[in-house]
Structures are given as C-alpha cells and as structure tokens.
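**Student:** Next comes the sequence, and after it the predicted model I'd like to discuss.
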Amino acid sequence: MSDQSAQPIRFLLNGEARSVSGQPATTTLLRYLRETERLTGTKEGCAEGDCGACTVLISENDGNGGLKRRPVNACIQFLPAMNGRAIETVEKLGSHRGADGADALREAMVEGHASQCGFCTPGFVVQLFSAWDGGKLTDRQAVKDQISGNLCRCTGYGPIIDAGETLAKLPKPDTLGEDLALAKRLGDIQNGAIFRYEAESSGGPQLWFAPENVDDLADIYGAHPDATLVAGATDVGLWVTKQHRDLSVLIDISKVRDLQMIEERLGVLYFGAGVTHTEALETLADIHPDLGEMMRRFAGAQIRNAGTVGGNIANGSPIGDLPPCLIALGARLYLRKGEDMRVLDLERFFVEYGKQDRAPGEFVVALEVPRLEDDQRYFAHKISKRFDSDISAVMAAFRLTFDGELVSEARLAFGGMAGVPKRASHAEAVLCGRPFDAVAVRDAQAALAEDFRPLTDMRASSEYRLKAAQNLLERFRLELTAERPARIAGFETGEARGTA
Amino acid sequence: MDETRIQDRSGAGEPSIAELGERPPTHERAIKGGVHTKRIHDSGVKHVSGAARYVDDEPELPGTLQIYIAMSEKAHARIVSLDVSKVRDVPGVACVLTANDIPGQNDYSPVFGDDPIFPQTSGPEALVQYVGQPIFAVAAETIDLARRAAKLAIVEYEELPAAITIEQALAAAGEAGHDLLDPHEMRIGDVDAALEGAPHRVLGRVAVGGQDHFYLEGQIAYSIPLEDGDVLVRSSTQHPSEVQHNVAKMLGVPDHAVTVEVRRMGGGFGGKESQPALFAAVTALAAVKTGRPVKCRLDRDDDMEMTGKRHEVTINYAVGFSGNGRIAAGDFSHLVRCGYSRDLSAAIADRAMFHADNAYSLPAARILSRRLKTHTVSNTAFRGFGGPQGMVGIERVMDRIAFETGIDPLDVRKVNLYPSFDSDRAPGVTPYHMPVTDSIIAELVEELEVTSGYRARREAIRQFNAQSPVLKKGLALTPVKFGISFTTSHLNQAGALVHVYKDGSVHLNHGGTEMGQGLFVKVAQVVAEEFQIDIEKVKITATTTAKVPNTSATAASSGSDLNGMAAQAAARTIKNRLIDYACGRYHVPEEQVVFAANRVLIGNEEKRFADLVGEAYLARISLSSTGFYATPDIHYDRESASGQPFYYFAYGAACSEVVIDMLTGEYKLLRADILHDCGTSLNPAIDRGQIEGGFIQGMGWLTMEELWWDDKGRLKTHAPSTYKIPTANDRPDDLRIAIWEKGENRSDTIYRSKAVGEPPFMLAISVFSALTDAVIAAGDGKAFPDLDAPATPERVLKAVEGVRG
C-alpha cells in the first residue's frame, strides 16, 4: 500500500461529482459544505453531534449492489470519509428521489407552523425525510424517536411531530431504479481497495487511509501504530471540533466489510466492530427488550447511524452505555494485531480510567455476545437527566442465572459508578446461592457500597449514583414479581416490559 | 400603471390619469393575511429549504478575518501580566486586541459601565471575574489559526477569593458590607401584624436554578469597515440600538458612525439583548484597526461559558393563612445570583418581585430582594425576565398551604385569586400598589378546571397512587398573571418606517427584531390590514438602526404591542394622505373614501389600491412615513416601590399530570392542558406556537436543564452533551392547548391583542407543582417535600427520601 499514491476525495454532492484535494483530512463535512460549497442551509448548532442542525443524508454502496442511506451529523464527519459516498443537503433534498415526500414534508412544516426561528429546521427536514425514505417513520412514536437527536428551542416540537406524522402516512417511494443507478455511479468513483489521502493542515502533514478489508487494515495499522482509528467519528470528530487536537494519521475503518457483519452461531451473536448502533439495535433488542430500549435512548438517530459498537467499547468511556449491558451478558472481545488474534472478557478490557488493554497497532475486530438461557433473567436500566440522547448518570445491567429458586450466578455491571464500566463483585457474591428476595437485595445493596465509591460531577452526585444503583437492584427484583412496576421511560405508551 | 412612463424625463409632458392604464379592481371579500388570521411565518418557506439567511450565511467579503476570543481560566484573579507578543508573530494573524487597543470606552454594558470588553492588562482594573471572561482577541485569516495563535499567549494570574454559590455570595457581601446592587423592597399592608394574627403560619425555602438560553444560532457579529471610519455591523441581536451605541462608545465615535443590521436571529430568548454588544464591539474594533471585514462566531462551548444565563434565585417565604387557605400575609425574600456584573440584574430582580404575587391577591405582603455578586458569568435577560422565579415562590406557598390544611391545592389557589374585573369585589392591589383591574384569571381557571377534568383526574390519581407502590402520580393546576410593559417606563416606545411604492407595494420597517417569534409577520398583518392589501404586497425588511433610530430591545413580550402600533401609525399617516388626495381629486367627503380588500371606494367609484397610489404619486403626495408609539398611562416610582408599571396583564393557566418513580426519581409529564389569554389574537397560529414553545422551554428549566459549576467556578454543563434541553420525546403527546376565546384586552392595544412571548413560559410551573404533588403522594404525609428546581431525577429522589420518614 505504501507505493500507492495519494488520491483526491471523490464523492457526489446533490448529484454532482466532486473531486477534492488540498483540504485538511480533518476538515469537517459541515465546514466544507458551508465554506467551500456555500451550501449554508446546513447549520452548525453545536459541532458535537448533539443538536442535529447539520443533518445531511449520506448514501453509499451496501456491498451487495444496493444502497445504504442514512442521515448523519455533518459537523463531526471528516471530509475524506465521504470518499465514494453521496451527500444530499437540505437545498436539494428530494430533487433526485422522493420529491413527493420532500414537498409534502416542507408543506406540512410551513402550513403547520413547525418553524419559528428556523435555525434547526433544515436539520429536522433532512432527518424526517431520510427516516421516511428509509422506511423508519412508522408511527408517531417513531417520528419522535427519529428526531430525538434534533434540538428545537422554539416550537416545543408539537408541529414538527405533526408534520412528521403527515409524512409518515405517505408511502415510501419505490426508488429501486434510482438506487441502482446511484449505486453504480458510486461504484465508479471508488478509489480502489485502499483509499489514501494526503493533506496539509495547520498542525502539519496528514495521512488518511480507508481500507476495504481487514488484512489491509491490520497491515496499515501495523505500519502506523500511532494512527487514530475512525469509524463513525462520533468521538474522534469531537477531538477535532472541540479539543482541537492535531491528528496526523487517520485510518477510516468504516469501509472494512469484514467488520460489518452480524452473525449468529449456536446461540452466540457476533458483531463486527464496525457495525453501527442502528444496525445492532434490532439484534440487541432481540436478546432482551431492555437492550432495545437502551439502544433507542442511546443517542440521536444520526449518531446511532454513524457510531459503532466497536467504537463505543474501544474508546473506553466510563459512562458508555453499551459496555455494562454487554458485560452483564458475558460478552467477549476479539482483538487483532498484525496476524495475531486474541479473545478477552469484555470487563477485562477496561483496565482503569483512560486505559484499556489494547496494544499499539491492535484493534477491536468483533464482539461475541451470548444470548440469554432459559434460566437467566436480565435487566438493563439507564438513568439520565433527559431520557433521550443523554449520557447516563448510572447505567445498570444485571444478569442472574437461576438454579431453581436460587441464584447460581450473578453478573451486575455498572456504568457511571467508577472510572471504568465495572462489575459489582461484592454484591454479586452476596446474591449467589440464595433466592433473589427482598432480604438478598438488601444485603446486595449494602455490598454495593463496598463495590463503588462513585464520583460527584455534573451528571449526578456520588450519593445519588449509589442510591439509584442500589434501588435498581430492588427494581429488578420487583420486575421479576407479579407486580412488575412499569418503567417511567416507557410509561406513556404502556409497553409491557417483561423480563426474558 | 406603466412605470417607465411615469418616470419619463423626456419632457413629453405629464400623462393624464386616463393614460395610466388603470385596471378595474378585483372583488375579494377579504385580504390575505389580515389581522386575526392564522398567517404562516413569513420565513417558513425559506426555513424549510435552507434559504433563510442568518448572519453566518451571508457571503463573506474577500479578506474577511475571523476572531477568536481568549477566555479567563480563573474565576477571580488579578492579571499579573499578559504577554501576547508570540500571538502577534504567528503568520496569518492580522491583529491581537487587548484593552490597550480600545480607543473609546472599554465597556459593553447596557447600563452600569461594569462589563469590560477586555480587562486592563495592568493596574487595579486588571481583573478577571469569571471563568470564560474574554481577556483578549485574535483576528486571523482563519478561525483555526486564530485559536491556535491564542494558545501562545502567556497569562499570569494571581488568584483571589471567589464566590461561586449564593451562600458564598452572601458571605462575601457580608464581608464587603454591600451587595452588587442595593436591596429593594416592596411592601403593602402591615405584614408583621398580619403574620402574627394569622391562624396558621409556615416558613419555607425553595431554590430555583438558572437556565442557558440555548438559542440554536450562537452569538455572532460581522463588521464591515466603511469610509470615514464608520462601521456596518451585522449582529444577531434583539437590541440593535444598544449594540450600535456600545460599538460607537467603544470606538469613541458618534452613534451615527455605526449602523447595525439584523434580518433574523436563530433564537434569542433574552440572550441576545445585552450580550451581542461584546461580539459586535470586538469585530468592529478589529475592522477599524485592520480595514478588513471581521467576523466573530462563537463555538457553542465558548458561547455557553462566555455568556450570561437566567438568574438562579433562592426564595425564603413566611406566610400566614386561615383554615380555608386564604393568605393573610406573605413575606418573601429573594436571593438573586447576578454573576460578576450588574447588566440587567436590577430590572430582572425587580420583575421577580413584581411577580411574587403571581395571580393572587395578598392583603399584606413584603418582598425583599438582594442582588448578589458571584464570580460567575453575568446573568442576563431570559424569557420572563425574573418573573418566573418570583412566581415559583408563591406557587410553592400554595402547595405548602394545601399540604398544611389538607385542602386541594386548586382550591387554595382559587380562594386567593385576584377578583375578576367585573366582580362585585373591589379589585385586588399588588404589592407595588397597582390595582388589578383587568383580572379574568378566576373565570379562566374555572374553565380549565372543567375542560381538563381536574376533579375526576384528581380522584383517579388518588386511586392509582393507593395501589401503586413504586410509581406515584401528581397533578397541579396553576395560573399565570404576567405584567406587560418594560418596567423601565421610558423603554415603552417604538418607531416604524413605511414606504408605499408607486406600484402599490409596501416596504415595512420597524425597530423590532425577528428571533422566530413571528413579530415580522404580525406587524405585516397590521400594515396589510390598515391598507387593506394582501400581505404579499408588504415587504418585510431587516431591522436596521439606519431606518428606525433609538429603539428599545425586542423584549418584555412587547414586540407586537409596540411595533404593531408604530407601524399602524406610519401606515395610517400615509393612508390619511391618500384619503386627503382622493377627497380633493374626486370631490367626495372623507367618509366616502373607504379602503376595502385591495381596492379603494371613492364615492361611487372604485380603484385598485395600486392605482390610487400611482395617482397620488403624480400628484406629488408623500408616500413614506415614520410612525411612533409610546405606551400611555404607565409609571413607577422606585423610591416608594409603587405605581402602575404595567399597561395590562396577560393571563393563562395550565394543568399538568406527572408520574414519578420512587426508586430512581425519574419522572415523566403525561399530560398538560393549557388555556391562555392572548386578548383577541393577532395571529392565533403564531400565538399557539409561542404558548407551546414557552411551556416546553419552561418545563426544561424546571426539570432537566441544570447548570453545574465546580468549586473553581468552571461551568461543566457547557454544551448540549452535558446541558440537556427537552427533546421531542419529553413533550407529552397529550398536550391540549387552547387560546381563551373570550380574550379581549381591556387596554387599547393593537387590535385588542395581548403580548404572548413570555407569559406561557410560566405555565410550566404546573409541572413543578405536579412533581411536588407526586412526591407528597410518595410520603407518609408528615413532611412537606422541599423540592428544588431543576427537579432532576436526583432531586426528586432526594425529596422522596425526605418525605418517607
């Protein structure tokens, strides 16, 4: 690969071909759109993927001759990641496909008074259109879930949701012909098996690699062990837009096909590290509804469309929502360095705050998640100030294995309680070998105080974190009884939230 | 009419009217977009297509420089030295600005002169007083360069003791012997005697947090240098005149040398009233120094750290009441966290006092307000302007009295409401001695009580709670009475400028600014109505200090009231000239010139509006006019804390139902019913938008939106990742909003409408009270929950634990 020369970034913008060089590799798509293309309909509200004002629709080949289309936050996407992809912005939305839907949405928004200051509006329009186009606007609740990553400070959302519902009633367009044509055009502008981009930034020279297969990834990473791996850029994007870090070598793993599989073998699920949250959601929900609910609230749809399962683990955040849920399930991690592969219990990956068991040049390949057995009960509960798209104060996930009435194994995993996602070993020990009753819960609650001395910060105090974690054990117990108190998050819809 | 013909200077002579090609008028029954119609937002079509331009969307001129503002890392410190020489040396840096570069006054404050643009670099004024305070600015070819260069500055601080919390501020004020602003007191009746004589008395305290505006468009200014050292500033501001004045004062030039223009803001909510002057001043200074256009657009995190917020207020109350819940006396003290400077805090803290009674007639009351200095960002205007905080105090009192007496909270509220304007009872008098002569709140509350099914739901909730051990529901119906007018009386004035062009199209300009609230379309409706022409004929134009001078901020919900009247006056002047012309030309009396939909009836004749205008032009009639309005009958004497500060009151009420989880403190708003008084609404669709948006924003303030500073005074919730405003899923699907159909302003406002920008915000207090109600249901009935705001799950859980014995 080293002999391969640098290539321009080739993509389609609102249907027109672009071939771009000379932009720093960490130029965000948003800045490129606004400053170079002067497409100023796409707005910057936060530059960290939390407000949705910069939402654009990305299309790419799905590897099977079809198209994968998803709305993402342009503010934290790097321009070279657009290589081989197509971008649609608010200005031309629906001009190539789904014009009826785009027109109907715009009309419903205007006539329904769904914009006030209008600054967030383009983001909502693109997000709703994309969700409709992708068949995700099934009902009113789906509309709300789809726009939970879009903030509006003026309207109170009602008219926007109404407009979304109007659109939801419109049949999704049949665009097979357009899809195939676009897929072919995109196929024509791919830059080979390894895309390589070179640039000069104010922080010095930059290199960008985007391999398509995992062996090439291993080689490149081996040659550049200090490189930054980028998948959805939902974290790395902020290193640039918020921390203003200089990144000299970046490896885009979002095009590595081998990392994008979801497979099931003998009751065990395997998720490639590059599987996005959106792609993982359904399978995780199938393991347990609590996981589906956690994923629904995980972030806004745009972030779920970009961020990956592997990334959420590999970045080692003490408050990532996924790791505790997976640790409780007994998940294992596959790591690769060069030709060497190793397997690790997920909880062992998190060594301490900011430190993971990952060598230079080593990367997460896949995640192994066993399904629940008949004798196992599972519980996952996220507590945050806001239900949707918030970082948890406490994330608790429990799996109990029963031998008759008695607990034979307990896995109690928490996020937000320590510098890393962590199991409560004292409390687990207390629960084993006895019935999971009120007394056992009380003892385990006391033991939790030995397991954790959580931090006080802007999300919650130490006292609250511990108290809530203790109470969640009680909630788990109650949810296993006939009483089964409903969860607040789903209270309105009255969804049954049983236990597996 | 043939335009080229009437502008012909060939000397071919004046055309006769017959030659003008006048066409017979059409006969619509009504114009499009008149008052009281649900006209769409004038920019709606542009919003949804991305075509609406905000300051950052305007094409940048060649050579535009970008500004980065370097901020203090200390809450309170003396600047021992500031060395920016390395910053200057970076290629691509055009200039570095410090206090030493300011030719005029180093201040961007609205009133008090205590907001330095940059701190002095030496001497006693070389102070920083909050983390995030601007210290210097870098103008460079790109924002990345500017930011990178700024890091090379060497700032040496000598840290000083800092007061971050209200408690620390109280202690510091005690040591200093004075507060940031003098305390103020309002008083009616003999409070001590009434408290003493009341059958029951309680004391309590409620702490109410601040709020970040989170306008989606951050602060931004773009300055273009002109000849004579003049500057044109495009600013995202609610107060162009103040920005103009502050820029001129900073440059040391007359106000006429500075023009400020704003077409629209991406949200304001009060956050773009006094603060945009800073960014305008910094860009203008750099523009004048370099001769190049200069932009400053804040990053979201910088914006949230650098700019002020809603005031946090702690309210202590003592209240005496009788067995039926009727208040005999209320004694309130407000501890107001102002931040480091005065800004608008005096008027904001005053307005909190003006609303300490909310909709309740207090026979005796005392309201004491202390305005405290903290070493945090200077808090500023935010929708409601202190009013919401004041109201939370009395609504807490209502919940408390209900708890103590066992009477339903709604009945406690009802027995205390101001009497209706048409009731036999004498009008109630506010603690600032203003008789409430337009109260409709009792009738409105009665109506909402019925339409929301309050009594039946109260019973259903009682039953639910009895059989639900983990989840508890709560219900509350709370009223709002909000005073309309700037309490600084002289601000209640507005100007407008209307041109009618020869073709009958109209150019509309006024001093109000558009931040999404729909002011522009409302004022256009007024002008369309006055001329009786379709609203498409009225061009809405950007606010600029060059067209209408000396304007007040678009604030205090006053936008339509003031500018609608001013624009109507301007249009009426032109209309009267047209009438005079028609009377003379067609020999008819004045009453026979009637403006109907897109036409004018003149005696037995009728003409298109455009044709009459064309004729008037030929007859050399002026078709341009200014208009002016000053609110009558308002005055307030701050010395005696009495007067008539408000022209009228806006009313509303909301009923909210919540459910809480006693194990986690999580909660959800399940349903809200709102009935709001817009007078006779100018635009019911726009007003409904204000009601819903205000309610949800208010709910955010009282529930999930938490500002959190660490002990070093660093705001840790400075981005949407950590500061959470409501999302679509926080809005209850069951949200029933009605505009009160009987509404009519008893004061002579524009088409008898009422202001609607701020009042609905306070409808959200019903959510806070409903949470209190649910927490009470979780307890054993012995202790009242002292739930503070924002009622995060953590605070709710703590309150639950507090009432469970």
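**Tutor:** Cool, got the structure.

**Student:** Tell me where the model's unsure across the chain.
**Tutor:** By default, I'm working from chain A. Within chain A, the ranges that satisfy pLDDT under 70 run A:1-4, A:492-500.

**Student:** nope, chain B please
**Tutor:** Those would be B:1-20, if you go by pLDDT under 70 across chain B.

**Student:** In it, where's the longest helix?
**Tutor:** helix B:565-586 (DSSP state H).

**Student:** Same question for chain A.
**Tutor:** helix A:462-480.

**Student:** Any idea how far that helix is from the middle of the chain?
**Tutor:** How far helix A:462-480 lies from its chain's middle: 26 Å, per Cα atoms, centre = their mean, to the nearest Å.

**Student:** again with stretch B:205-212
**Tutor:** The answer for stretch B:205-212 is 18 Å, by Cα atoms, centre = their mean.

**Student:** now swap in stretch B:224-233 and tell me
**Tutor:** Put simply, stretch B:224-233 sits 30 Å off its chain's centre (Cα atoms, centre = their mean).

**Student:** again with stretch A:440-449
**Tutor:** 33 Å.

**Student:** contacts for that stretch?
**Tutor:** A:407, A:412, A:424, A:426-427, A:429-431, A:434, A:466, A:469-471, A:473-474, A:477 (Cβ atoms under 8 Å, 6 or more residues apart in numbering or on different chains). Where C-beta positions appear, they are placed from N, C-alpha and C, glycine not excepted.

**Student:** one more time with 7 Å, if that's ok
**Tutor:** Residues outside stretch A:440-449 that contact it (Cβ atoms under 7 Å, 6 or more residues apart in numbering or on different chains) are A:A424, A:H426, A:A427, A:V430, A:L431, A:R434, A:L466, A:A469, A:Q470, A:L473, A:E474, A:R477.

**Student:** so which strand or helix has the nearest residue to A:A6 once chain neighbours are set aside?
**Tutor:** In space, and not counting its chain neighbours, A:A6 is closest to A:E198: 3.9 Å by Cβ to Cβ, 6 or more residues apart in numbering or on different chains. Taking DSSP states H and E as the criterion, A:E198 maps to strand A:194-201.

**Student:** got the CA coordinates for that strand in PDB?
**Tutor:** C-alpha atoms of strand A:194-201 as PDB (Å, rounded to 0.1, in the frame of the first residue of the first chain):
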ATOM      1  CA  ILE A 194      -7.400   1.200  -0.200                       C
ATOM      2  CA  PHE A 195      -8.200   4.900  -0.400                       C
ATOM      3  CA  ARG A 196      -5.300   7.100   0.500                       C
ATOM      4  CA  TYR A 197      -5.500  10.800   1.000                       C
ATOM      5  CA  GLU A 198      -2.700  13.200   1.900                       C
ATOM      6  CA  ALA A 199      -3.100  16.700   3.100                       C
ATOM      7  CA  GLU A 200      -1.500  19.600   4.900                       C
ATOM      8  CA  SER A 201      -3.200  21.000   7.900                       C
END
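
**Student:** List the pairing partners of that strand within its sheet, with orientation.
**Tutor:** When pairs are called by DSSP bridges, strand A:194-201 turns out to pair with strand A:204-211 (antiparallel).

**Student:** buried sites along the helix or strand just after the strand it pairs with?
**Tutor:** In the C-terminal direction, the helix or strand that comes right after strand A:204-211 (DSSP H and E) is helix A:214-223. For helix A:214-223, burial by neighbour count (16 or more other Cβ atoms under 10 Å in any protein chain shown) applies to A:V214, A:D216, A:L217, A:A218, A:D219, A:I220, A:Y221.
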